[in-house]
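Engineer: I need the structure of the sequence given here:
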Amino acid sequence: MELFYYYFSTSFFCNVDCGVFALKFMELWDRNVDLRDMFDHSDIPNIRVKLGVDLFFSKGNCIDKSLVTNLYKQGVDPRVSN
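Structural biologist: Sure thing, here's the model as predicted:
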């Protein structure tokens, strides 16, 4: 197996976003593609929401999801509810 190191400037992300960038880089990894062209810092808020939704609604999560699903059925976005 050949090792490959991908360099990107630390100015590409701020300190609190490095985990999101690492997860997205692993998800999209292709050594022939410059991943910096596929998403940037402005995409991080939406990526965070998608990751949260994917984790919350995954089959492995046994928590009761009815609170969130009922809010959506009522037309309420639970991300902005008080």
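Engineer: Going by C-alpha atoms from here, please, whenever you check contacts or count neighbours.
Structural biologist: Will do.
Engineer: For the residue nearest to the spatial centre of the chain, list the residues it contacts.
Structural biologist: In the chain, the residue lying closest to the centroid (C-alpha atoms, centre = their mean) is Ile47, at 3.4 Å. Neighbouring residues of Ile47 by C-alpha atoms under 8 Å, 6 or more residues apart in numbering: Val20.
Engineer: For it, identify the helix or strand it belongs to.
Structural biologist: helix 44-56 (DSSP states H and E).
Engineer: Name the next helix or strand downstream of that helix, please.
Structural biologist: Using DSSP H and E, the first helix or strand after helix 44-56 is helix 66-73.
Engineer: for the record, mean pLDDT for that next one?
Structural biologist: For helix 66-73, mean pLDDT is 82.
Engineer: Can you show me the CA trace of that helix as PDB?
Structural biologist: The C-alpha trace of helix 66-73 is given here as PDB (Å, rounded to 0.1, in the frame of the first residue of the first chain):
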ATOM      1  CA  SER A  66     -40.700  11.100  17.900                       C
ATOM      2  CA  LEU A  67     -40.100  14.600  19.400                       C
ATOM      3  CA  VAL A  68     -38.100  15.700  16.300                       C
ATOM      4  CA  THR A  69     -40.300  13.900  13.800                       C
ATOM      5  CA  ASN A  70     -43.500  15.300  15.400                       C
ATOM      6  CA  LEU A  71     -42.100  18.800  15.200                       C
ATOM      7  CA  TYR A  72     -41.400  18.400  11.500                       C
ATOM      8  CA  LYS A  73     -44.900  17.100  11.000                       C
END
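Engineer: and that helix with helix 44-56, angle?
Structural biologist: 130 degrees (axes from the mean of the first three to the mean of the last three C-alpha atoms, to 10 degrees).
Engineer: re earlier: pull the CA coordinates from the helix holding Ile47 and hand them back as CSV.
Structural biologist: Extracted C-alpha coordinates of helix 44-56, given in CSV (Å, rounded to 0.1, in the frame of the first residue of the first chain):
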residue,chain,number,x,y,z
ILE,A,44,-19.4,23.8,7.4
PRO,A,45,-22.7,24.8,9.0
ASN,A,46,-24.7,22.7,6.5
ILE,A,47,-22.2,19.8,6.9
ARG,A,48,-22.6,20.0,10.7
VAL,A,49,-26.4,19.8,10.3
LYS,A,50,-26.1,16.8,7.9
LEU,A,51,-23.7,15.0,10.2
GLY,A,52,-26.1,15.5,13.2
VAL,A,53,-29.1,14.4,11.3
ASP,A,54,-27.3,11.3,9.9
LEU,A,55,-26.2,10.4,13.5
PHE,A,56,-29.5,11.1,15.1
